[in-house]
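Enquirer: structure here, sequence nowhere to be found:
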Ligand code: NAD
């Protein structure tokens, strides 16, 4: 049976609310997004026909600040999915202590079926349709599945036009540098992921120098995480992509692997390596397992065979709730997605701050601020997990929900 993502997000909230003995009035506010907009946008196709695309924007909660979250272009987008993703964004921003609530948007479309010109017209039409509810002080979208910096540039341009020529770089993040993007954004998620691994490893007594790691997914997040871990002395022994990957017990140099992939178009055949399947990577004997591909990878079927001591969720939702329970019971520490991969939204926050100031930081400034934010977030989550004797995932939800509850009370909503 298809799992309803909104039901899952609500269940996670319910569990954290119980542990925190959350005021039921606040709990009720947080169970649903505060605002959801559905739009149906007509777009002229290259052949002269018109297609009407359905899109959504959900704003979960703005007690702490404006909504923040990506826009995805995907044929499977539903209103409930967008609502759930906006709720997770509230929790992610809350863990990091960013002055944001959660938002998420989506358009039901397979962008592969569109020409570049059609994609541009759709991007412009969608942001114009949701313009009444977005803006630098209301809700700040960003890239997500199948959207990128070019699409953000079009959206920023269109929004600026809708607002009568008020240049509004702060309406979206993830823009190209030339129109207000931030240095350090591309590798921010991987950098944050490596910082959390370092902090968690410290608590577990794992020395990074000489520790072994397996990385599932070698895209933006996986490859940057592997590079930062290797720089810290971790031996990357296996890497996979969607069609499998490689294992090399004396260590893979991620920079050399990226070069190899650039030349050959694949990671398979990397000198000195042997092939490995995705299923094998997940149960490999190693200290650290990085999940940086997609959802539902560690399930009740394979959680019993995982041999890593520390799992880091670079991807969103790679571990099912049943698997979570099995891992916890086996004493395997799992650093959860809303903490581990929050480096991306943190540097998006820095991008927005720079846009509002119209003053731009160096890469070093961005990276050192990211380092500080990630370490503070880890410490808050770790402390909560110790205090209530709960997993890091539960603790991350609790940190976030406790902050939201405080803001809701301070504003006088309950
Ligand atoms: P990406 O498209 O750059 O990379 C995804 C990688 O996963 C690719 O190498 C792909 O081959 C691999 N992959 C796909 N299916 C796989 C499978 N079954 N087994 C192994 N590998 C597989 O995407 P990304 O930006 O690196 O995002 C990865 C995950 O991290 C997603 O869940 C995304 O939502 C999450 N995330 C990304 C960011 C960001 O800033 N990019 C921020 C937060 C969360």
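Expert: That came in fine, so what should we check first? Because the structure is a prediction, the values reported are computed rather than measured.
Enquirer: buried residues in the longest helix seen in the chain?
Expert: Assignment by DSSP state H gives helix 363-388 as the longest helix of the chain. Residues 366-367, 369-370, 373-374, 377-378, 380-382, 384-385 are the ones in helix 363-388 that count as buried (16 or more other C-beta atoms under 10 Å). (Each C-beta comes from the backbone N, C-alpha and C, glycine too.)
Enquirer: mind giving me the packing neighbours of that helix?
Expert: helix 79-96, helix 188-204, helix 337-340, helix 343-357, helix 392-411 (3 or more C-beta pairs under 8 Å, 6 or more residues apart in numbering; DSSP states H and E).
Enquirer: tell me which residue is most central in this protein.
Expert: What sits nearest the mean C-alpha location of the chain, by C-alpha atoms, centre = their mean, is residue 341, with 5.1 Å.
Enquirer: do I have it right that it meets residue 318?
Expert: No - using C-beta atoms under 8 Å, residue 341 is not in contact with residue 318, being 10.0 Å away.
Enquirer: which one is residue 211 nearest to, not counting chain neighbours?
Expert: residue 287 (4.3 Å; C-beta to C-beta, 6 or more residues apart in numbering).
Enquirer: return the residues in contact with that neighbour.
Expert: By C-beta atoms under 8 Å, 6 or more residues apart in numbering, the contact set of residue 287 is 201, 206, 211-213, 308-310.
Enquirer: returning to that earlier point: between the longest helix of the chain and helix 392-411, how many degrees?
Expert: 100 degrees (axes from the mean of the first three to the mean of the last three C-alpha atoms, to 10 degrees).
Enquirer: helix 363-388 versus helix 343-357: what angle between them?
Expert: Going by the same axes, to 10 degrees, helix 363-388 makes 130 degrees with helix 343-357.
Enquirer: do helix 363-388 and the ligand meet?
Expert: No - using C-beta under 6 Å from any ligand atom, helix 363-388 never reaches the ligand; the gap is at least 12.2 Å.
Enquirer: and the protein, which residues reach the ligand?
Expert: Counting by C-beta under 6 Å from any ligand atom, the chain sits next to the ligand at 189, 216-222, 240-242, 278, 292-294, 314-316, 341, 344.
Enquirer: go ahead and confirm residue 255 touches residue 228.
Expert: No - using C-beta under 8 Å, residue 255 is not in contact with residue 228, being 11.4 Å away.
Enquirer: the more surrounded of these two?
Expert: residue 228 (19 against 13; other C-beta atoms under 10 Å).
Enquirer: measure stretch 388-397 end to end?
Expert: Distance between the two ends of stretch 388-397: 12 Å, counting by C-alpha to C-alpha, to the nearest Å.
Enquirer: kindly report the same for stretch 19-26.
Expert: 14 Å.
Enquirer: for it, what is the average pLDDT?
Expert: Averaging pLDDT along stretch 19-26 gives 97.
Enquirer: how far does it sit from the chain's center?
Expert: Centroid separation between stretch 19-26 and its chain, computed with C-alpha atoms, centre = their mean, to the nearest Å, is 26 Å.
Enquirer: on that earlier part again, distance between the longest helix of the chain and the chain's centre?
Expert: 16 Å.
Enquirer: between it and helix 188-204, how big is the angle?
Expert: Using the same axes, to 10 degrees: helix 363-388 against helix 188-204 is 40 degrees.
Enquirer: average pLDDT for helix 363-388?
Expert: Helix 363-388 comes out at a mean pLDDT of 98.
Enquirer: can you check stretch 33-51 too?
Expert: 98.
Enquirer: quick one, which of the helices and strands packed on helix 363-388 is packed in tightest?
Expert: helix 337-340 (a mean of 29; mean count of other C-beta atoms under 10 Å).
Enquirer: and the angle for the helix or strand harbouring residue 213 with helix 188-204?
Expert: Here residue 213, judged by DSSP states H and E, is contained in strand 212-216. If you take the same axes, to 10 degrees, strand 212-216 sits at 140 degrees to helix 188-204.
Enquirer: work out the gap between strand 212-216 and the centre of the chain.
Expert: So, by C-alpha atoms, centre = their mean, the centroid of strand 212-216 is 19 Å from its chain's centroid.
Enquirer: check stretch 341-361 too.
Expert: Averaging C-alpha positions (C-alpha atoms, centre = their mean) puts stretch 341-361 15 Å from its chain's average.
Enquirer: tell me the first helix or strand C-terminal of the one helix or strand residue 141 maps to.
Expert: Using DSSP H and E, residue 141 sits within strand 139-143. Following strand 139-143 in sequence order, the next helix or strand is helix 149-162 (DSSP H and E).
Enquirer: same question for that next one, mean pLDDT?
Expert: 98.
Enquirer: can you give me how far it is from the chain middle?
Expert: That offset, for helix 149-162, works out to 22 Å (C-alpha atoms, centre = their mean).
Enquirer: again, but for stretch 318-336
Expert: On C-alpha atoms, centre = their mean, the centre of stretch 318-336 falls 19 Å from that of its chain.
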